[in-house]
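**Student:** I need the structure of the sequence given here:
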Amino acid sequence: MRRRRFLQATGLAGASALAGCTGTDLFEVRSSATRNPPVPDSRPNAVYYPSHVEGMEMAGTSGKAATDETGTTNGSDGREGPNESGGMEGSNGSSETASTAGTDEYAFALMYSYPHRFWTVTGSERSKTALQDADSLHLMASVWHPASGTVLPDTGLSVEITQDGDLVSQEVIYPMLSQGMGFHYGANFELPEEGTYTAALSVGAMSSRRTGVFQGLFSEPRFAEIDFEYRQSNLEEISFRVLEEKAGTKGAIEPMDMPMLPHSYAPTRKELPGRVLGEETTGDATLLATILDRSPEGVGKSGPYLALSARTPYNRLVIPSMALSGIQKRGSETRFEGELLRTLDPDLGYHYGAGLEGVRSGDELAIAVDTLPQVARHEGYETAFLDGMGEVSFTVP
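**Tutor:** Got it, this is the predicted structure:
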């Protein structure tokens, strides 16, 4: 079956962030036996400062995120100025907006940086993906809804790389969390030589429930093509900075400044609609619970709605791909027991939610993490959101 060509984009070589080491010193870091400083010793089972910060290069985009009247990227939190990203620093390069074909549901961006280690999670098991000598670069892709600037976590994404029409590599790349980019897709790739390549990015239908104005969107596969130039000299100009005193200690570096892309921020407590019940922590993940008087359109119920917003500490980046369940108790009576579905809502953002039959002051809500976040992690997140993720509880005021 032929893939439906959705968007096309001409990749542009963005200007790299040039803070930190460049030139010969940077090349020596990249060409060492590990290409990265050692992972910090005695790192906590929590979010921690990584060993280093590296830059990235923008290859190209298929569209631009929506901006508000101040010009701030919707969902970007309006951060500006120098930043320290969790293992990444943003490029300040520009990229043109490509024409779209048939729909504005999706926008794509393609970035690259040095090859680097990361960790995958399958079930409750974590596995390190070590650097290979043949790795050429680390490709990263972001997918979002351009009208709202909402990052889309549950689409899945595959990359097909070609050169002059010949297939070079094809694989489904990992959904990932990094302190610099938040949620994105990425993997290390081997390229046979320097030159111009075409990356075909394919997403499937979104697997999570959509509510409100998102109903009916993101339900079909889409496709984009972005050209990019691979040159060793360009990679050597991407910034690379070793963190010293902070490395391995609890905390997180601020997300990068990405004027071309939205960040996967969760709503602030003030932005969450409904009656916010409180905030609890499990496995170093922060869970905010809120009760809406009426379920959003698309839930299939008209009564109250329980929403759990899961985010990272420090920077409130969305934590996707978990399975949560809940029990609502009123004294000895069980009023609700079931799954909190992964849901994308224009006001609640990406969250886990369920419709309830009714809510009263004093009701107890117990929330259990049944499946850990099934996303790969860059350094600084690989020890968090794993051990110790269990049950939290809230009381309706």
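**Student:** quick one: contacts for Arg269?
**Tutor:** Applying Cβ atoms under 8 Å, 6 or more residues apart in numbering to Arg269 gives the contacts Val276, Glu279, Leu288. No exception for glycine: its C-beta is placed from N, CA and C like everyone else's.
**Student:** which of the residues you listed ranks first by neighbour count?
**Tutor:** Neighbour counts for the contacts of Arg269 (other Cβ atoms under 10 Å) peak at Leu288, which has 22 neighbours.
**Student:** and that residue, what is it in contact with?
**Tutor:** Leu288 touches Ala266, Arg269, Leu272, Val276, Gly278, Glu279, Leu308, Ser309, Arg311, counting by Cβ under 8 Å, 6+ apart.
**Student:** and the contacts of Arg269 as CSV, adding pLDDT, distance to Glu357 and secondary structure?
**Tutor:** Formatted as CSV, the contacts of Arg269 follow (pLDDT from 0 to 100; distance: Cβ to Cβ, whole Å; DSSP: H, G, I helix; E, B strand; the rest coil):
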residue, pLDDT, distance to Glu357, secondary structure
Val276, 98, 21, strand
Glu279, 97, 25, strand
Leu288, 98, 22, strand
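**Student:** any chance of these in a markdown table, plus distance to Gly331?
**Tutor:** Putting these into a markdown table (distance: Cβ to Cβ, whole Å) gives the following:
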| residue | distance to Gly331 |
| --- | --- |
| Val276 | 24 |
| Glu279 | 25 |
| Leu288 | 25 |
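**Student:** how about Asp104: what's its closest non-neighbour residue?
**Tutor:** Of all residues not flanking Asp104 in the chain, Pro146 sits nearest, at 5.7 Å (Cβ to Cβ, 6 or more residues apart in numbering).
**Student:** ok so, going back, farthest-separated two in the contacts of Leu288?
**Tutor:** Ala266 and Gly278 (15.3 Å; Cβ to Cβ).
**Student:** more crowded one of those two?
**Tutor:** Higher neighbour count among Ala266 and Gly278: Ala266, with 24 against 16, using other Cβ under 10 Å.
**Student:** surely that one and Leu348 touch.
**Tutor:** No - under the criterion of Cβ atoms under 8 Å, Ala266 makes no contact with Leu348, lying 9.2 Å away.
**Student:** who touches both of these two?
**Tutor:** Joint contacts of Ala266 and Leu348 (Cβ under 8 Å, 6+ apart) are Ser309.
**Student:** sketch out the low-pLDDT regions of the stretch 101-250 of the chain for me.
**Tutor:** 101-103 (pLDDT under 70).
**Student:** can you show me the helices along it?
**Tutor:** Taking DSSP state H, counting those that start in this stretch, the helices of the stretch 101-250 of the chain run over residues 232-236.
**Student:** repeat that for the stretch 251-397 of the chain.
**Tutor:** Using DSSP H, counting those that start in this stretch, the stretch 251-397 of the chain contains no helices.
**Student:** who's sitting farthest from the centroid in the chain?
**Tutor:** Within the chain, the residue lying farthest from the chain centre (Cα atoms, centre = their mean) is Ser332, at 40.1 Å.
**Student:** any idea how far Glu364 is from it?
**Tutor:** 11 Å (Cβ to Cβ, to the nearest Å).
**Student:** do the same with Thr249
**Tutor:** 36 Å.
**Student:** ok, Thr120 next?
**Tutor:** Thr120 is 36 Å from Glu364, by Cβ to Cβ.
**Student:** more crowded one of the two?
**Tutor:** Thr120 (17 against 14).
**Student:** mind listing what Thr249 touches?
**Tutor:** Contacts of Thr249 by Cβ under 8 Å, 6+ apart are Pro44, Tyr48, Tyr49.
**Student:** same list (these) but as TSV, adding secondary structure.
**Tutor:** Below are the contacts of Thr249 laid out as TSV (DSSP: H, G, I helix; E, B strand; the rest coil):
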residue	secondary structure
Pro44	coil
Tyr48	strand
Tyr49	coil
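**Student:** buried among those? Make that a ChimeraX selection.
**Tutor:** In ChimeraX, this line selects whichever of those come out buried by 16 or more other Cβ atoms under 10 Å:
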select :48,49
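**Student:** just the contacts of Thr249 now: which is nearest Glu237?
**Tutor:** Nearest member of those to Glu237, counting by Cβ to Cβ, is Tyr49, at 24.7 Å.
**Student:** surely the closest one touches Val242?
**Tutor:** No - between Tyr49 and Val242 there is no contact under Cβ under 8 Å: 11.5 Å.
**Student:** so what's Ser16 scoring on pLDDT?
**Tutor:** At Ser16, the pLDDT value in this model is 37.
**Student:** for stretch 143-162, buried residues please.
**Tutor:** Applying 16+ other Cβ under 10 Å to stretch 143-162 flags 143-161 as buried.
**Student:** let me redo that: stretch 316-336
**Tutor:** If you call a residue buried by 16+ other Cβ under 10 Å, then stretch 316-336 has these buried ones: 316-329, 335-336.
**Student:** whichever strand or helix holds Gly60 - contacts with which helices or strands?
**Tutor:** Following DSSP states H and E, one finds Gly60 within strand 57-61. Applying 3 or more Cβ pairs under 8 Å, 6 or more residues apart in numbering; DSSP states H and E, one finds that strand 57-61 contacts strand 107-113, strand 222-230.
**Student:** go through these and name the closest to Pro40.
**Tutor:** Going by Cβ to Cβ, the one of the helices and strands packed on strand 57-61 nearest Pro40 is strand 107-113, 20.0 Å.
**Student:** counting contacts, what elements does that closest one pack onto?
**Tutor:** Counting by 3+ Cβ pairs under 8 Å, 6+ apart, strand 107-113 packs on strand 7-9, strand 57-61, strand 137-145, strand 195-203, strand 222-230.
**Student:** and that strand, which strands flank it?
**Tutor:** Its sheet considered, strand 107-113 pairs with strand 57-61 (antiparallel), strand 137-145 (antiparallel) by DSSP bridges.
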